[in-house]
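>>> only geometry, no sequence info:
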């Protein structure tokens, strides 16, 4: 026999599952976005691009990176280690009022 506390947890199970990543054939569904390009532009090159991107993201996921984390790692690799808070154009110049 279940306790009243278990019954209240069962009512809220759907809320617990709302933040789980959406999966499509055992991979993150956002990694399947290149296949949307394949629909209107069905060419061999596009198919190869889709398969290669799927393989890359599956390998990254096997190493423990999710799709958003892989994109952040790629961005940090492209930008480099030194990152400023403001762009060079928007930085204020030092002025001497003396």
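That came through fine. As the structure is a prediction and not an experimental result, all values here were calculated from the model.
>>> Provide a list of residues in contact with residue 48.
Shown in contact with residue 48 (CB atoms under 8 Å, 6 or more residues apart in numbering): no residues. From N, CA and C alone the C-beta is placed, and that goes for glycine too.
>>> what about residue 81, neighbour count?
6 (other CB atoms under 10 Å).
>>> mind checking how far it is from residue 70?
Separation of residue 81 from residue 70 (CB to CB, to the nearest Å): 19 Å.
>>> repeat for residue 96
In terms of CB to CB, residue 96 sits 47 Å off from residue 70.
>>> what's the answer for residue 23, then?
Taking CB to CB, one finds residue 23 at 16 Å from residue 70.
>>> Of these two, which one has the most company?
Legend: neighbour count by other CB under 10 Å for residue 23 and residue 70, higher for residue 70 (18 against 10).
>>> what about that one, which helix or strand?
Secondary structure assignment for residue 70, by DSSP states H and E: helix 67-79.
>>> what helices or strands is that helix leaning on?
helix 44-62 (3 or more CB pairs under 8 Å, 6 or more residues apart in numbering; DSSP states H and E).
>>> helices and strands of this protein: which one has the lowest mean pLDDT?
When each helix and strand of the chain is scored by mean pLDDT, DSSP states H and E, helix 4-11 comes last, with a mean of 65.
>>> residues contacting the spatially most central residue of the chain?
Centroid-nearest residue in the chain, with CA atoms, centre = their mean: residue 68, separated by 1.8 Å. Contact analysis of residue 68 by CB under 8 Å, 6+ apart lists residue 30.
>>> Now with 10 Å, please.
21, 28, 30 (CB atoms under 10 Å, 6 or more residues apart in numbering).
>>> Same check on residue 63?
Counted by CB under 10 Å, 6+ apart, residue 63 has contacts residue 70.
>>> Could you check the pLDDT of it?
With respect to pLDDT, residue 63 has a value of 86.
>>> any idea how far residue 23 is from residue 35?
15 Å.
>>> what do you get for residue 61?
Counting by CB to CB, the gap from residue 61 to residue 35 is 17 Å.
>>> do the same with residue 22
Residue 22 is 14 Å from residue 35, by CB to CB.
>>> ok, the two, which is more surrounded?
More crowded of residue 22 and residue 35, by other CB under 10 Å: residue 35, with 16 against 8.
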